[in-house]
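>>> Kindly generate the corresponding structure for this input.
(chains A and B)
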Amino acid sequence: DQQVKQNSPSLSVQEGRISILNCDYTNSMFDYFLWYKKYPAEGPTFLISISSIKDKNEDGRFTVFLNKSAKHLSLHIVPSQPGDSAVYFCAARQGNTNAGKSTFGDGTTLTVKP
Amino acid sequence: DAGVIQSPRHEVTEMGQEVTLRCKPISGHNSLFWYRQTMMRGLELLIYFNNNVPIDDSGMPEDRFSAKMPNASFSTLKIQPSEPRDSAVYFCASSFDRDLEQYFGPGTRLTVT
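Presented below is the predicted three-dimensional model:
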């Protein structure tokens, strides 16, 4: 049973437009959510997170929205840049100590066209 | 800091051979995670350690896989004997207890022929 799902394997957008990446989860015990970005031949790198007590967290061009009732979160990138082209992983965890583990989605490949 | 260091970066071996992947976590981090990434299964957690102790190895595929963390600065993931279906990219990640995020190494691309 996959607890974190990214249903869109790929997304293509034009430079300057908004990119919206989606993620759904099934475990209501998850209370922290993270997005990671991965370039080819590199490991994933942390991008932004959100706690379940919030519904929005913003960091520059990146904003994550959380809808707890729908068990859905999304990452918005505005404006999108070619350098944002990468695989984006959604992750979820219980608790804010790292003795616990994160559960990852399968990733969405974002391509930003110049 | 050099970040999480993994070696080798690439490994090609024949079926039946033993493979050992190595990881040096970021100094001061006390949690270490081994992941496997494949096209079919995405990024899956194999095992993680906290303060050098294995906490959850439920993701380890089978007895052919074993992991150790003899000290805070080194961990190994061993596959013996290796099989073609083990071909994947294996990532090591580390973190500090109070941090939400994990820091990933560059990965080891394993090909078993």
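
>>> residues from chain B in reach of chain A?
With the criterion set to CB under 8 Å from any CB of the partner chain, chain B comes near chain A through B:4, B:31, B:33, B:35, B:42-45, B:48, B:50, B:55-56, B:91, B:93, B:95-107. (Each C-beta comes from the backbone N, C-alpha and C, glycine too.)

>>> Only the buried subset of the residues you listed, as a PyMOL command please.
The buried residues among these can be selected in PyMOL (16 or more other CB atoms under 10 Å in any protein chain shown) with this line:
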select buried, chain B and resi 4+31+33+35+42+43+44+45+48+50+56+91+93+95+100+101+102+103+104+105+106+107
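
>>> What count of nearby residues applies to B:Thr108?
B:Thr108 has 21 neighbouring residues, counting by other CB atoms under 10 Å in any protein chain shown.

>>> Any idea which residue of chain B lies closest to chain A?
With CB to the nearest CB as the measure, B:Phe104 is the residue of chain B nearest to chain A, at 3.0 Å.

>>> gap between the two ends of stretch B:77-97?
From its first residue to its last, stretch B:77-97 covers 22 Å (CA to CA, to the nearest Å).

>>> Just the mean pLDDT for that stretch, thanks.
Across stretch B:77-97, pLDDT averages out at 94.

>>> Is the one helix or strand A:Tyr88 maps to positioned near chain B?
Here A:Tyr88, judged by DSSP states H and E, is contained in strand A:86-93. Yes: for strand A:86-93, a contact with chain B is found by CB under 8 Å from any CB, at A:89, A:93.

>>> quick one: B:Ser45 and A:Lys101 touch, right?
Not quite, residue B:45 is Leu, not Ser. Yes: contact criterion CB atoms under 8 Å: B:Leu45 and A:Lys101 qualify, at 5.6 Å.

>>> Quick check: neighbours shared by those two?
Residues touching both B:Leu45 and A:Lys101 (CB atoms under 8 Å, 6 or more residues apart in numbering or on different chains): B:33, B:56.

>>> how close does the residue of chain A found nearest chain B sit to B:Gln17?
Chain A approaches chain B most closely through A:Gly43 (3.0 Å), counting by CB to the nearest CB. As judged by CB to CB, to the nearest Å, A:Gly43 and B:Gln17 stand 25 Å apart.

>>> And the two? Which one has more around it.
A:Gly43 (22 against 13).

>>> Is chain B within reach of the helix or strand bottoming out on mean pLDDT in chain A?
Least confident helix or strand of chain A, by mean pLDDT, DSSP states H and E, is strand A:102-104 with a mean of 89. Yes: counting by CB under 8 Å from any CB, chain B has neighbours in strand A:102-104: A:102-104.

>>> Make TSV from those and add neighbour count and distance to A:Val87 to it.
Supplementary listing: the residues of strand A:102-104 next to chain B in TSV, determined by neighbours: other CB atoms under 10 Å in any protein chain shown; distance: CB to CB, whole Å:
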residue	neighbour count	distance to A:Val87
A:Ser102	27	16
A:Thr103	20	17
A:Phe104	23	11
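
>>> quick one on the thing from earlier: run a quick check on the residue of chain B closest to chain A versus B:Ala93, I expect a contact.
Yes: counting by CB under 8 Å, B:Phe104 touches B:Ala93, with 4.5 Å between them.

>>> overlap in contacts of these two?
A:43, B:4, B:35.

>>> Among those, which ones are in strands?
B:Tyr35 (DSSP state E).

>>> center of chain B - which residue?
For chain B, the residue lying nearest the average C-alpha position, counting by CA atoms, centre = their mean, turns out to be B:Trp34 (3.3 Å).
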